[in-house]
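Asks: just coords:
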């Protein structure tokens, strides 16, 4: 029979407990033991000071880490706006414009027939090359398996098909065969119903990426700001507590920690405020204007193409609206000119300086003259005076082609100006965050070291 435990008399009919019985076999967890040690330490002033020092250092480090992380993500997003998404969005708009301009140049060259100028032919070839080059750039930046990749592949397939149709139209046109006009109309249909909608989808997708990057770059880093305010409040409380117990106004370590945290917090708030202001300005006075101007320029290209095709088709294409029959290309021309006029009005409203408003106003004047001359073209065409109508469209002087060229060049000038404004504002916004991630981390380390040193100074008084 085992020996009874010391001090406990044996009970009749029951085995005596031993020193290694159930009570001795229960082990406490490390967490519970740590809590007990912490509770014990909190009963003494040195223990409380150690806990305060650890909490202060942890808060300051947490603030610095969150500030560095949030500043870095917003800086990266601002850099993407400047160097990735906006150039890709602009590149997608250029693909659309190049395709529309190529279609316009092809119809102008067709109208000239055997008198097609080298400049007209060169413009068409440059537009086709520009579109192909833009598609290569877009493909290099498209995510594998994305909708953009599929759209780019489709455009790469359609582009040689369109070019082949245009070449057939030109060949038959030079030989005097009327079938050339049918091939050109088929090429135009492929452009209007397949290629331009696909290019517009690509443009919309890239604009979505641009908006997403703006959404990542502009929000305030509320988590970091909240932690910074909490760290400063804790440091202030610790200094006030020290003053009440020692009647010393300053604790050098805690003052240094508070100063480093304050500098980091101010840098974070001011830097993000400036970045947010500049980036919002680059969107309001850059991206919005560029979008409107690109749309207006494309509308002018479509209008010019429809004006040319109305003479190519010679009434072969009609459309019925509300019971009335119209020449299909003249009808589309009127719609495109309405879009152009609306776009120019919006661009004039968004322009915030003379450099942006002057070319837009000039384009509005060019458009007004264009509409007047087009009315004369339509009158000649409807009266059966085809050659006179043709001269008023592609003639050397007083033709609608002069007005179109002026509208296009003025819109190109306005786009260049707004692009420069975007670049400047977006660069300023990105630069406002430069150095902030590293600076916040360094200041946080200094602040944590100051807090530990300040509390350590108090602890040394108990030794």
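Replies: Structure's in. What do you need? As the structure is a prediction and not an experimental result, all values here were calculated from the model.

Asks: Need the per-residue pLDDT for residue 167.
Replies: pLDDT for residue 167: 91.

Asks: what about it, helix or strand, and which?
Replies: helix 147-174 (DSSP states H and E).

Asks: What are the buried residues along the helix or strand following that helix?
Replies: Per DSSP H and E, the first helix or strand lying C-terminal to helix 147-174 is helix 179-190. Of all the residues in helix 179-190, those buried under the rule 16 or more other CB atoms under 10 Å are 180, 181, 182, 183, 184, 185, 187, 188, 190. Just so you know, the C-beta spots here come from the backbone N, C-alpha and C atoms, and that holds for glycine as well.

Asks: returning to that earlier point: which strands and helices lie in contact with the helix holding residue 167?
Replies: Where contact means 3 or more CB pairs under 8 Å, 6 or more residues apart in numbering; DSSP states H and E, helix 147-174 is packed against helix 86-112, helix 118-141, helix 179-190, helix 196-217.

Asks: is it true that residue 100 touches residue 305?
Replies: Yes - counting by CB atoms under 8 Å, residue 100 touches residue 305, with 7.0 Å between them.

Asks: Residue 268 is in what secondary structure piece?
Replies: Counting by DSSP H and E, residue 268 is found in helix 252-282.

Asks: For the helix or strand harbouring residue 238, give the mean pLDDT please.
Replies: Element membership for residue 238, per DSSP H and E: helix 222-246. The average of the pLDDT scores along helix 222-246 is 91.

Asks: Give the other helices and strands that that helix contacts.
Replies: Under the contact rule (3+ CB pairs under 8 Å, 6+ apart), helix 222-246 is packed against helix 45-80, helix 252-282, helix 436-459.

Asks: The second one vs helix 436-459, what angle?
Replies: In terms of direction (axes from the mean of the first three to the mean of the last three CA atoms, to 10 degrees), helix 252-282 departs from helix 436-459 by 160 degrees.

Asks: try the first one
Replies: Interaxial angle, helix 45-80 versus helix 436-459 (the same axes, to 10 degrees): 170 degrees.

Asks: buried ones in helix 45-80?
Replies: 47, 49-50, 52-53, 56-57, 59-64, 66-72, 74-80.

Asks: how near is residue 457 to residue 129?
Replies: From residue 457 over to residue 129 the distance is 73 Å, taken as CB to CB, to the nearest Å.

Asks: Which residue of these two possesses the greater neighbour count?
Replies: Ranked by neighbour count (other CB atoms under 10 Å), residue 457 and residue 129 place residue 457 first, with 16 against 12.

Asks: if I read this right, that one contacts residue 251, doesn't it?
Replies: Yes - contact between residue 457 and residue 251 holds when scored by CB under 8 Å: they sit 6.6 Å apart.

Asks: before we move on, the earlier item: got the helices and strands packed on helix 222-246 as JSON lines, with mean pLDDT and distance to residue 87 columns?
Replies: Formatted as JSON lines, the helices and strands packed on helix 222-246 follow (pLDDT from 0 to 100; distance: least, CB to CB, whole Å):
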{"stretch": "helix 45-80", "mean pLDDT": "91", "distance to residue 87": "10"}
{"stretch": "helix 252-282", "mean pLDDT": "94", "distance to residue 87": "13"}
{"stretch": "helix 436-459", "mean pLDDT": "90", "distance to residue 87": "24"}
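
Asks: All the strands of the stretch 251-400 of the chain, residue numbers only.
Replies: For the stretch 251-400 of the chain, strands defined by DSSP state E, counting those that start in this stretch occupy the ranges 318-321, 324-327.

Asks: Which among the ones you listed is found nearest to residue 111?
Replies: For residue 111, the closest of the strands of the stretch 251-400 of the chain is strand 324-327, at 15.7 Å, according to CB to CB.

Asks: hmm, who's touching that closest one?
Replies: Contacting residues not belonging to strand 324-327 are listed as 310, 313, 315, 317, 318, 319, 320 [CB atoms under 8 Å, 6 or more residues apart in numbering].

Asks: Might you report the residue contacts of the fifth one?
Replies: For residue 318, the contacting residues are 325, 326, 327, 328, taking CB under 8 Å, 6+ apart as the criterion.

Asks: Check the fourth one too.
Replies: For residue 317, the set of contacting residues under the criterion of CB under 8 Å, 6+ apart consists of 185, 309, 327, 328, 329.

Asks: As CSV, those residues with distance to residue 138 would be great.
Replies: What follows is the contacts of residue 317, written out as CSV (distance: CB to CB, whole Å):
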residue, distance to residue 138
185, 29
309, 28
327, 36
328, 32
329, 30
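
Asks: Helices of the stretch 351-463 of the chain, start to end?
Replies: 354-382, 386-394, 400-431, 436-459 (DSSP state H, counting those that start in this stretch).

Asks: same for the third one, what does it pack against?
Replies: Other helices and strands packing on helix 400-431, by 3+ CB pairs under 8 Å, 6+ apart, are helix 45-80, helix 86-112, helix 252-282, helix 288-313, helix 354-382, helix 386-394.

Asks: could you redo the last one with a cut-off of 10 Å?
Replies: Under the contact criterion of 3 or more CB pairs under 10 Å, 6 or more residues apart in numbering; DSSP states H and E, helix 400-431 touches helix 45-80, helix 86-112, helix 196-217, helix 252-282, helix 288-313, helix 328-350, helix 354-382, helix 386-394.

Asks: Low-confidence regions, this structure specifically.
Replies: 1-28, 30-31, 33-38, 40-43, 114-116, 463 (pLDDT under 70).

Asks: Spatially central residue in it, please.
Replies: residue 210 (1.9 Å; CA atoms, centre = their mean).

Asks: separation between the closest residue in space to it that isn't next to it in sequence and residue 95?
Replies: Spatial nearest neighbour of residue 210, chain neighbours left out: residue 85 (4.1 Å); criterion: CB to CB, 6 or more residues apart in numbering. Distance of residue 85 to residue 95, computed by CB to CB: 15 Å.

Asks: For these two, indicate the residue with more neighbours.
Replies: residue 95 (28 against 21).

Asks: Tell me who's in contact with the nearest residue to that one once chain neighbours are set aside.
Replies: Excluding the flanking residues, the one nearest residue 95 by CB to CB, 6+ apart is residue 134, at 4.1 Å. Listed by CB atoms under 10 Å, 6 or more residues apart in numbering, the contact partners of residue 134 are 88, 90-99, 152, 155, 199, 202.

Asks: at 7 Å what do you get?
Replies: With contact set as CB atoms under 7 Å, 6 or more residues apart in numbering, residue 134 has these partners: 91, 94, 95, 98.

Asks: now do residue 373
Replies: Residue 373 touches 392, 400, 403, counting by CB under 7 Å, 6+ apart.

Asks: again, only using 6 Å
Replies: Shown in contact with residue 373 (CB atoms under 6 Å, 6 or more residues apart in numbering): residue 400.

Asks: do residue 190 as well
Replies: Taking CB under 6 Å, 6+ apart, we find residue 190 in contact with residue 162.

Asks: cutoff 8 Å now
Replies: Applying CB under 8 Å, 6+ apart to residue 190 gives the contacts 158, 161, 162, 165.

Asks: now residue 310
Replies: So, once contact is read as CB under 8 Å, 6+ apart, residue 310 ends up touching 327, 329, 330, 333, 381.
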